[in-house]
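Visitor: please work out how this folds:
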Amino acid sequence: MRRELRIAVAGAGAVGSVFGGKLAAAGHDVLLVGRDPHMAEVARAGLRISGVFGDTHARPKVATDLADAAGAYDAVLITVKSHATREVARRLATWRPAPALAVSLQNGLGNAEAIAEELPRSRVLAGRVIFGAVVEAPGFVDVTVNARPVAIGPLRPDGSAADVARGLAAAIDASGIPCEPVASTEPLLWEKVLYNCGLNPLGALHGLTYGEVVASERTRAKLDAAIREGWHVARAAGISLRWRDADEFLDYFYSTLLPPTAAHRSSMRQDLEAGRRTEIDAISGAIARAGARLGIATPIADELVAAVRAAEATARPR
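Guide: Numbering: from 1, shown residues only. Next comes the predicted model:
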């Protein structure tokens, strides 16, 4: 990839705005596709980003409809909620020219696979994103936490796709978002699902930060059980995780992943509080579906999916 890229961000909420704003400030030609009033304010006064990646003011282009965004792009960064992935992929497939690269930077499992059903698999990358951000006001995003660098690469090892991933990862890293290329993102996406499968639904259901989920004896026990269950399913699915067993992963989770994110309010909690649909189906639901395929019972995942769906059904914006 050349040094200056033409990039569209499909789903410029909090995370998408951080990627797009940082890349625009670094000199890339960026279009954010998102919703008003956020996009209207970015068009009027620019995008302000604060928090753990530093303060940035950028002037990306904006649009509110993918139909108005079609063009020749080096990459489209897909940051919509997981339940919108297929629709976005279908619309990208109608672009002429088609995007040179589509990159899923989303929560949960199954996003890259869904995109690859509509676009050539050789043009699809996935990213593990484990920083948190909040749209504090239209035109202003705060990056609240970061546990690990963003990791970008093909879902499964592919030499040519890995070469492309290196160029994009270098551009993102140079913009101020820690980012690294990897040969395969599949194990990292499962790692993130294990990180999220208890924290996100428990935090959302009880109105807790990640640290508060751990501090409560009741929710911590459920958290540990959810992670152990997810670990068992991942190993049965043949995912190459780098820990010997669930106990070793839990040690890593509590010592390395959790501390820098303890104050975070999960996107699932933010969605419930705003009366929006959550991504529970791509997180705990993905574990439950994988377990069903493998003949493994997943009572914790099933319980959390049912509870979050019930909460969605009665949620009202706060």
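Visitor: what about stretch 228-241, average pLDDT?
Guide: Across stretch 228-241, pLDDT averages out at 96.
Visitor: quick one: residues in contact with it.
Guide: With contact meaning CB atoms under 8 Å, 6 or more residues apart in numbering, stretch 228-241 is reached by 186-187, 190-191, 193-194, 197, 245-246, 249-250, 287, 290-291, 294, 296, 298-301. Every residue, glycine included, has its C-beta placed from N, CA and C.
Visitor: in that stretch, what counts as buried?
Guide: Across stretch 228-241, burial judged by 16 or more other CB atoms under 10 Å covers 228-235, 239, 241.
Visitor: reformat those residues as a markdown table; add distance to residue 136 and secondary structure.
Guide: Below are the buried residues of stretch 228-241 laid out as a markdown table (distance: CB to CB, whole Å; DSSP: H, G, I helix; E, B strand; the rest coil):
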| residue | distance to residue 136 | secondary structure |
| --- | --- | --- |
| 228 | 36 | helix |
| 229 | 35 | helix |
| 230 | 32 | helix |
| 231 | 35 | helix |
| 232 | 39 | helix |
| 233 | 36 | helix |
| 234 | 35 | helix |
| 235 | 40 | helix |
| 239 | 36 | coil |
| 241 | 35 | coil |
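Visitor: if we can go back for a sec, out of the contacts of stretch 228-241, which are buried?
Guide: Here, 16+ other CB under 10 Å leaves 186-187, 190-191, 193-194, 197, 246, 249-250, 287, 290-291, 296, 298, 300-301 buried among the contacts of stretch 228-241.
Visitor: residue 133: which element?
Guide: Assigned by DSSP states H and E, residue 133 falls within strand 131-137.
Visitor: which helices and strands does that strand pack with?
Guide: helix 14-25, strand 140-146 (3 or more CB pairs under 8 Å, 6 or more residues apart in numbering; DSSP states H and E).
Visitor: next helix or strand past the last one?
Guide: Right, the one you point to is strand 140-146. Strand 140-146 is succeeded, C-terminally, by strand 150-153 (DSSP H and E).
Visitor: what sits up against that next one?
Guide: Contacts of strand 150-153 (CB under 8 Å, 6+ apart): 103, 105, 125-131, 161-162, 165, 168-169, 172, 177-185, 188.
Visitor: what's the answer for stretch 129-146, then?
Guide: 13-15, 17-18, 21, 37-38, 40-42, 44-53, 105-107, 147-148, 150, 177-178, 192, 195, 257, 260-261, 263-267, 270.
Visitor: so which of those residues belong to helices?
Guide: Residues of the contacts of stretch 129-146 located in helices (DSSP state H): 14-15, 17-18, 21, 38, 40-42, 44-45, 192, 195, 267, 270.
Visitor: quick one, helices of the stretch 51-200 of the chain?
Guide: Ranges of helices in the stretch 51-200 of the chain, per DSSP state H, counting those that start in this stretch, are 85-93, 111-116, 159-174, 186-206.
Visitor: and the helix or strand just after the last one, which residues are buried?
Guide: So the one you mean is helix 186-206. Moving toward the C-terminus from helix 186-206, the next helix or strand (DSSP H and E) is helix 210-215. For helix 210-215, burial by neighbour count (16+ other CB under 10 Å) applies to 210, 212-214.
Visitor: which one among those residues gets closest to residue 312?
Guide: residue 213 (19.1 Å; CB to CB).
Visitor: that closest one reaches residue 219, doesn't it?
Guide: Yes: Residue 213 is within contact range of residue 219, at 4.8 Å (criterion: CB atoms under 8 Å).
Visitor: find the residues that touch each one of the two.
Guide: The contact lists of residue 213 and residue 219 share 202, 206, where a contact means CB under 8 Å, 6+ apart.
Visitor: ok, back up a step: to residue 92, which of the helices and strands packed on strand 131-137 lies closest?
Guide: helix 14-25 (14.6 Å).
Visitor: mean confidence score for that closest one?
Guide: 98.
Visitor: what angle separates that helix from strand 140-146?
Guide: 110 degrees (axes from the mean of the first three to the mean of the last three CA atoms, to 10 degrees).
Visitor: could you point out which element follows helix 14-25?
Guide: Assigned by DSSP H and E, the successor of helix 14-25 is strand 29-33.
Visitor: what lines up beside that following strand in the sheet?
Guide: Sheet pairing for strand 29-33, assigned by DSSP bridges, gives strand 6-10 (parallel), strand 61-63 (parallel).
Visitor: now those in CSV, with mean pLDDT, mean neighbour count and distance to residue 138?
Guide: Below are these laid out as CSV (pLDDT from 0 to 100; neighbours: other CB atoms under 10 Å; distance: least, CB to CB, whole Å):
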stretch, mean pLDDT, mean neighbour count, distance to residue 138
strand 6-10, 97, 26, 16
strand 61-63, 97, 20, 11
